[in-house]
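A.B. asks: Provided below are the primary sequence and the corresponding predicted coordinates.
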Amino acid sequence: MEPDIKGKIVELSKKEEGEIIELRRDFHRYPELGFAEKRTAERAALEMESLGLSVQTGIAGTGVVGGGGAPQFFCGQIWMPCP
């Protein structure tokens with residue numbers, strides 16, 4: 001593992017900050033009930049596909065898993081509490 005992985009994550013996050021904020025706003029604009037997050041799952045899958053990841057959908061209902069590509073990885077979780 002690279003010694004300054006935290007620095008790289010911060011650097012890449014700042015580079016993509018506007019897009020990440022817009023994605024978060026989009027998820028909050030369209031809240032969905034637990035285990036009924038169809039739109040959120042579709043959007044997450046599209047975002048992962050745009051990064052060149054292979055995507056599996058329908059995991060435990062509405063779960064999405066992306067992987068493949070280079071040996072680098074990012075793990076994220078989208079959790080949307082019902083207002």
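C.D. replies: Okay, I see it.
A.B. asks: what's the spacing between stretch 6-17 and its chain's center?
C.D. replies: Offset of stretch 6-17 from its chain centre (C-alpha atoms, centre = their mean, to the nearest Å): 15 Å.
A.B. asks: try stretch 11-18
C.D. replies: Distance of stretch 11-18 from its chain centroid, counting by C-alpha atoms, centre = their mean, is 14 Å.
A.B. asks: got it, and stretch 14-26?
C.D. replies: 11 Å.
A.B. asks: So S13 is in contact with I20, correct?
C.D. replies: Yes - the criterion here is C-beta atoms under 8 Å, and S13 meets it with I20 at 6.9 Å. Every residue, glycine included, has its C-beta placed from N, CA and C.
A.B. asks: Surely T57 forms part of a strand?
C.D. replies: Yes - judged by DSSP: H, G, I helix; E, B strand; the rest coil, T57 forms part of a strand.
A.B. asks: contacting residues around it?
C.D. replies: For T57, the contact set (C-beta atoms under 8 Å, 6 or more residues apart in numbering) comprises A41, A45, G63, V64.
A.B. asks: re the thing from before, same drill for S13 and I20, tell me which one is more crowded.
C.D. replies: I20 (13 against 10; other C-beta atoms under 10 Å).
A.B. asks: mind listing what the more buried one touches?
C.D. replies: So I20 contacts S13 (C-beta under 8 Å, 6+ apart).
A.B. asks: check which helix or strand covers it.
C.D. replies: helix 17-29 (DSSP states H and E).
A.B. asks: tell me the mean pLDDT over that helix?
C.D. replies: The pLDDT scores in helix 17-29 average 90.
A.B. asks: So which bits of that helix are buried?
C.D. replies: F27 (16 or more other C-beta atoms under 10 Å).
A.B. asks: what comes up buried for the helix or strand that that helix is followed by?
C.D. replies: Note on helix 17-29: by DSSP H and E, the next helix or strand toward the C-terminus is helix 38-50. Residues of helix 38-50 classed as buried under the neighbour-count rule (16+ other C-beta under 10 Å) are T40, A41, R43, A44, A45, E47, M48.
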